[in-house]
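Novice: Curious how this folds, go ahead:
(one chain, ligands or ions: 2)
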Amino acid sequence: MIGPVFDRIAIIGAGLIGSSIALAARENGAAGKIAIYDADEEVRRRARQLGLGEVCETAANACADADCVILCVPVGAIEAACEALAPSMKPGAILSDVGSVKEKALAAMQTHCSEGVHLIPGHPIAGTEKSGPEAGFSTLFRDAWYILTPLPQQEEAYNSALDRLAAFWEMLGSKVEIMEAGRHDRVLAITSHLPHLIAYNIVSTAYDMESVGEGEVVKYSAGGFRDFTRIAASDPTMWRDVFLNNREAVLETLGRFSEDLAALQRAIRWGDGDTLMKEFERARGIRKAIIDAGQDTSDVNFGRNMSDKPKH
Ligand SMILES: NC(=O)C1=CN([C@@H]2O[C@H](COP(=O)(O)OP(=O)(O)OC[C@H]3O[C@@H](n4cnc5c(N)ncnc54)[C@H](O)[C@@H]3O)[C@@H](O)[C@H]2O)C=CC1
Ligand SMILES: O=C(O)C(=O)Cc1ccc(O)cc1
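Specialist: Ligands and ions are numbered 1, 2, ... in the order given. This next block holds a predicted model:
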């Protein structure tokens, strides 16, 4: 049997992702000791009750002696979290995160990261619309991509730290990919950030129409709309921070999306069925290609594989 990758890890932020890492690391034997800190006293109390690990009263205590510290806080809180713990990290340890935006997360961590600490940002392409310590489950990362966006440097010690972090995530069941941070942010802007923005918007629009529609919107909301409401139930703080910190890529993507939407609007207005057929057939083909390539994770990690999650 393979031993733990890290003797001691520290998880900062005990929400959905932090608690899932704690549970998965323990279940898969990827870490010896798991120290946890959350800025919210009530969250610390619940994390203790759930037995997620050794819950500490300060970030500094959680990080002292840790071989790897993983920041699991909203992107906008990364800098403050980093400032609080960086001086207590030991040289040679890894500082990582799980933020949904990578360029700004890297910049925030770089500001406070101590000399001798290996800074390796990361992002699990797995999650749900739920938040808080009770939302976590140990299989969240299984068969999901885990993107690492390492610094463009080649020192032996850094590369070996990168290998260890990749091995940790593989033990949790993830498929690890290396990507440049800016590219990550552009790709995720279209595959994750824009879909969430559209979900928030369509649910709000439908709710506003409800006031003139005498309840029909809620009553007859089926299939597609219900899927949008699940995504729109996601944590507002987390998503506010995603949009504020991936501004350029999201605005660029939104511009392109709006143009394509306007083309569909125009086709509907002018009764141009050929254009509608062409666009819908193309989109259907894209979905088929994703499934044929084995890339469809819709039944895996996006809120639908929680059968072994404890009920609270
Ligand atoms: N929710 C999801 O599906 C996914 C989220 N992510 C990323 O993971 C990170 C965490 O998200 P969730 O776990 O969903 O959020 P969450 O809301 O469930 O948990 C975040 C926790 O961080 C704590 N926190 C905030 N500021 C802090 C600070 N300065 N020091 C210590 N603790 C602090 C909060 O009290 C909260 O308990 C975010 O950056 C998000 O972008 C990445 C992939 C999926
Ligand atoms: O629940 C869903 O549909 C998600 O899309 C989960 C998710 C949210 C944010 C991420 O950065 C990665 C995955």
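Novice: And the residue of the stretch 51-200 of the chain closest to ligand 1?
Specialist: Gly127 (1.8 Å; C-beta to the nearest ligand atom). Every C-beta, even on glycine, is put in place using the N, C-alpha and C of the backbone.
Novice: Run the chain-centre distance for stretch 177-190.
Specialist: 13 Å (C-alpha atoms, centre = their mean, to the nearest Å).
Novice: Can you confirm whether whatever helix or strand Pro195 lives in lies near ligand 1?
Specialist: Per DSSP states H and E, Pro195 falls inside helix 194-213. No: applying C-beta under 6 Å from any ligand atom, one finds helix 194-213 separated from ligand 1 by no less than 9.8 Å.
Novice: Toward the C-terminus, what is the element adjacent to that helix?
Specialist: Scanning onward from helix 194-213 (DSSP H and E), the first element met is helix 216-219.
Novice: Which SSE is immediately downstream of that next one?
Specialist: helix 223-232.
Novice: Quick one: list the elements packing against that following helix.
Specialist: Counting contacts by 3 or more C-beta pairs under 8 Å, 6 or more residues apart in numbering; DSSP states H and E, helix 223-232 packs against helix 194-213.
Novice: Looking at the helix it packs on now, give me its mean pLDDT.
Specialist: Averaged over helix 194-213, pLDDT sits at 88.
Novice: tell me the angle it makes with helix 223-232.
Specialist: Here helix 194-213 points in a direction 110 degrees away from that of helix 223-232 (axes from the mean of the first three to the mean of the last three C-alpha atoms, to 10 degrees).
Novice: and for helix 194-213, what are the contacting residues?
Specialist: 216-218, 221, 225, 228-229, 231-232, 234, 239, 242-243, 250, 253-254, 257 (C-beta atoms under 8 Å, 6 or more residues apart in numbering).
Novice: The same query, at a cut-off of 6 Å, please.
Specialist: For helix 194-213, contacts defined as C-beta atoms under 6 Å, 6 or more residues apart in numbering pick out Val217, Phe228, Thr229, Ile231, Ala232, Trp239, Thr253.
Novice: Spatially central residue in the chain, please.
Specialist: Ser100 (4.7 Å; C-alpha atoms, centre = their mean).
Novice: That residue: what's it in contact with?
Specialist: Ser100 neighbours (C-beta under 6 Å, 6+ apart): Val242.
Novice: what pLDDT does it get?
Specialist: Reported pLDDT for Ser100: 98.
Novice: Lys309 too?
Specialist: With respect to pLDDT, Lys309 has a value of 47.
Novice: and what of Ile178?
Specialist: 97.
Novice: so it touches Leu148, yeah?
Specialist: Yes: Ile178 is in contact with Leu148 according to C-beta atoms under 6 Å; the separation is 5.4 Å.
Novice: Name the residue in these two with the higher neighbour count.
Specialist: Leu148 (19 against 10; other C-beta atoms under 10 Å).
Novice: ok, what's across the strand from that one?
Specialist: Beta bridges link Leu148 to Gly122, Ile178, judged by DSSP bridges.
Novice: That one against Glu177, yeah?
Specialist: No: Leu148 lies out of contact with Glu177 (C-beta under 6 Å); the separation is 7.2 Å.
Novice: who touches both of those two?
Specialist: Residues touching both Leu148 and Glu177 (C-beta under 6 Å, 6+ apart): none.
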